[in-house]
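Trainee: sequence below, structure please.
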Amino acid sequence: MSTTTPIPVSVLIPARNEAKGIHRMLESLETIDYPRESLQIILANDNSTDDTLKIMQKFATGKPWITVVDIPERQSNEELKGKTRALAKIMHQTTGKYIFFTDADVALPRQWINGMLSELENEMANRAGNTKGIGVMVGVTGMKHDTFASTMQALEWFCVVTVNKLFSDRNIPTTGMGNNMAVLKEAYFATGGYEKIGFSIVEDYTLYKKIIAEGYDFRQVFIPEVVAYTVPPEDYFEQRDRWIQGAIESNSGPLYLGIIQAVSLPLYALIAFFSWKASLTVFLITFCFYSFLVFRFESKLKLSGYSKYLPLFALYLPTSWLLQFLHYLFAKKIVWKGRDY
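Mentor: Below you'll find the model as predicted:
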């Protein structure tokens, strides 16, 4: 960092009905290595119907650097809703130069803030087309390999972030990640904030795009210090329906990667109809690409134990994405955190 004086930062954690899993997040907050006098944490209860608010309030007792905000019920004349609305309200209470975003089901690493700041404040030269300093920084979120579901989704998350890193290093923006992202407060308000940006079911990606559109630079941090861990969602397809809907609405680049995955299984079958050797060749080329990504993130992020699952992952990824798109096509509505979108 460019100065030894601690930089004031704000960490925003909106939560809705997270009583079952929020303890992991709160325990990790206790271990965050950052001076408390320069740290502001805002826990926002977004109209939970469980004990989320009580748990937050109990945790914040005796910790002046932590504020608990109970978001009021949405009024009929409000345009914003859901997580976008909750973030818009608490953004005006932030005191930090940088605003860090994460979710209530994430366990943060001890050096998370210092790791992100190491690139936010390293005075890199801006890339072509970016006239201002770094306005948005995306970290790395994955899962542990302790169950089949978490292992497959962990490989998927880490591979996507690795691809994002390859693009980011070439000045090609990809996507935001609302459970592990930091923005320059100045850059957020330069966009007009969520009040001007408007509602999005993928509010992180929308903010990421708007900040870059304002002329700010962006980075993908790819170091062990910023690796956070989440857990598989209780409803896999509910989460994926939301992602697909958001990607379609925002014309997100990763959407096309998902489409490629979804059509790859039928494509293997079609090619095999004419030549099983050609089909096997295409599959092996794809497998080699997956292997490159896995070995790369294991090496760069100092992780281990994921590569042995590569054969299963090579089958899981096209199968899961085909099922995701089929489920989305027949879904009557998008539901997330008990709300219809």
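Trainee: where does the prediction get shaky in the stretch 151-300 of the chain?
Mentor: 253 (pLDDT under 70).
Trainee: and the strands in it, which stretches?
Mentor: 181-184, 217-220, 227-229 (DSSP state E, counting those that start in this stretch).
Trainee: most tightly surrounded among those strands?
Mentor: Among the strands of the stretch 151-300 of the chain, ranked by average contacts under mean count of other Cβ atoms under 10 Å, first place goes to strand 181-184 (a mean of 25). Placement of C-beta: from N, CA and C, glycine included.
Trainee: parallel or antiparallel, list what pairs with that one.
Mentor: Strand pairing for strand 181-184, determined by DSSP bridges: strand 98-101 (antiparallel), strand 134-138 (antiparallel).
Trainee: strand partners (parallel or antiparallel) of the helix or strand following the longest one?
Mentor: Going back to what we said before, that points to strand 134-138. Where DSSP states H and E defines the elements, the next helix or strand beyond strand 134-138 is strand 140-142. Here strand 140-142 has these sheet partners by DSSP bridges: strand 227-229 (parallel).
Trainee: any chance of the strands of the stretch 151-300 of the chain in JSON lines with distance to Thr52 as columns?
Mentor: Listed next are the strands of the stretch 151-300 of the chain as JSON lines, based on distance: least, Cβ to Cβ, whole Å:
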{"stretch": "strand 181-184", "distance to Thr52": "22"}
{"stretch": "strand 217-220", "distance to Thr52": "31"}
{"stretch": "strand 227-229", "distance to Thr52": "20"}
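Trainee: of those strands, which is nearest Leu284?
Mentor: strand 217-220 (28.6 Å; Cβ to Cβ).
Trainee: which helix runs longest in this structure?
Mentor: If you go by DSSP state H, the chain has its longest helix at helix 276-300.
Trainee: identify the residues contacting that helix?
Mentor: The contact list for helix 276-300 (Cβ atoms under 8 Å, 6 or more residues apart in numbering) reads 155, 158-159, 161-163, 222-223, 264, 267-269, 271-272, 303-304, 306-307, 310-311, 313-314, 317.
Trainee: what comes up buried for that helix?
Mentor: 279, 283, 286, 290, 293-294, 296-298 (16 or more other Cβ atoms under 10 Å).
Trainee: okay, and which of the contacts of helix 276-300 map to helices?
Mentor: Checking the contacts of helix 276-300 against DSSP H, those in helices are 155, 158-159, 161-163, 264, 267-269, 271-272, 310-311, 313-314, 317.
Trainee: that older thread, can you tell me which of the strands paired with strand 181-184 comes nearest to Arg242?
Mentor: It's strand 98-101; of the strands paired with strand 181-184, that one is closest to Arg242 (Cβ to Cβ) at 16.9 Å.
Trainee: so for the protein, the centremost residue is which one?
Mentor: The chain has Met177 as the residue nearest its centroid, 2.5 Å off, counting by Cα atoms, centre = their mean.
Trainee: now do the same contact list for that one.
Mentor: 138-139, 141, 161, 204.
Trainee: which one of these is nearest Tyr216?
Mentor: The shortest approach to Tyr216 among the contacts of Met177 belongs to Val138, at 13.1 Å (Cβ to Cβ).
Trainee: ok, which of the strands of the stretch 151-300 of the chain comes nearest Asn114?
Mentor: Of all the strands of the stretch 151-300 of the chain, strand 181-184 comes closest under Cβ to Cβ, at 11.7 Å.
Trainee: distance of the closest residue to Pro311 other than its chain neighbours relative to Ala154?
Mentor: Nearest in space to Pro311, with sequence neighbours left out and distances taken as Cβ to Cβ, 6 or more residues apart in numbering, is Phe287 at 7.8 Å. The gap separating Phe287 from Ala154 is 18 Å, by Cβ to Cβ, to the nearest Å.
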